[in-house]
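> 3D, please:
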Amino acid sequence: MNHDQPQRTRLGRIVYDTVLGILAGFALGFFAWMVADRVGSGGLSAWPFTGAGLFLGVILVRAWSGRRRGGKWVHLLWIPVILFAALMTMVIIALRSWN
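Numbers count the residues shown, from 1 in each chain. All right, here's what the predicted structure looks like:
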């Protein structure tokens, strides 16, 4: 009898949900800051948007993954993470070729 298996699975699920919540929350907060900065007068600080995104991302992912049918849809939050990574890669390439 191996009683460690359910504990590792539960711990892995918590780690996965937390990492996904942090990454997706940061990416969505960053995109929200970009939109708010363009719509508004400009000069907005990014940290309130990314901080709120981090907090809400972790809370939402943990809540959605606990649902019976919501657990499958939570993986769609990798899309903003990939878009953010691609955007930052393009910015780095543009800055390197600019010099």
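> Now do the same for the most centrally placed residue in the chain: helix, strand or coil?
Nearest to the mean C-alpha position of the chain, by Cα atoms, centre = their mean, lies residue 24 at 1.0 Å. At residue 24, secondary structure determined by DSSP: H, G, I helix; E, B strand; the rest coil is helix.
> quick one, what contacts it?
Counting by Cβ atoms under 8 Å, 6 or more residues apart in numbering, residue 24 makes contact with 57, 61, 77-78, 80-81. (Glycine included, C-beta is placed from N, CA and C.)
> closest to residue 42 among these?
Of all these, residue 42 sits closest to residue 80, with 23.0 Å by Cβ to Cβ.
> Just give the nearest non-adjacent residue to that closest one, would you?
In space, and not counting its chain neighbours, residue 80 is closest to residue 27: 4.2 Å by Cβ to Cβ, 6 or more residues apart in numbering.
> tally of neighbours for the one you found?
24 (other Cβ atoms under 10 Å).
> and it, what does it touch?
53, 80-81, 83-84.
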